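Participant: Next one to model:
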Amino acid sequence: MSEQSLIFAFLLIYMENKIIDESKQGEALVRETENKGGKKMFLESYGCQMNFADSEIVASILIDKGYTTTTDYKEADLIFVNTCAIRENAESRVRQRLYDYKKVKKTNKNLPNGVLGCMAERLKTSVLSKKN
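Facilitator: Numbering: from 1, shown residues only. Okay, here's the model as predicted:
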């Protein structure tokens, strides 16, 4: 079993009975790491338990690649938002966040940002082509 598969299995077991606190919706994921002075990632999640588990996996992989987490998207070298198409108001909140990230991208043209989750899958064409 690969390391990523083990991480995923652990997170599924860990998240199985975990209740998602609504106040955590849209909160930046923060993980302590030994990586100092490296690139910073900003990763926020909206939605279901699976989205939060997926965000943990993404963060683990990026931390292994030398990234640290930040709570300030304006100082990030990489931005991800993990979305949900089911949860009430998630789609409109995510669209607003994408608009916020676009403002930062104007000053940092090389800033990669991505959309993860079921909303991204459902709306991939319109999200990619949307001009806010």
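Participant: From now on I want contacts and neighbour counts done on CA atoms only, so please keep to that.
Facilitator: Will do.
Participant: quick one: pLDDT of the residue nearest to residue 104 when sequence neighbours are not counted?
Facilitator: Among residues not flanking residue 104 along the chain, residue 74 sits closest, at 6.4 Å (C-alpha to C-alpha, 6 or more residues apart in numbering). Residue 74 carries a pLDDT value of 91.
Participant: Assumed residue 74 was part of a helix.
Facilitator: Yes. Residue 74 sits within a helix when classified using DSSP: H, G, I helix; E, B strand; the rest coil.
Participant: Next, count neighbours for residue 36.
Facilitator: Under the neighbour criterion other C-alpha atoms under 10 Å, residue 36 is assigned a count of 10.
Participant: and it, what is it in contact with?
Facilitator: Residue 36 makes contact with residue 68, according to C-alpha atoms under 8 Å, 6 or more residues apart in numbering.
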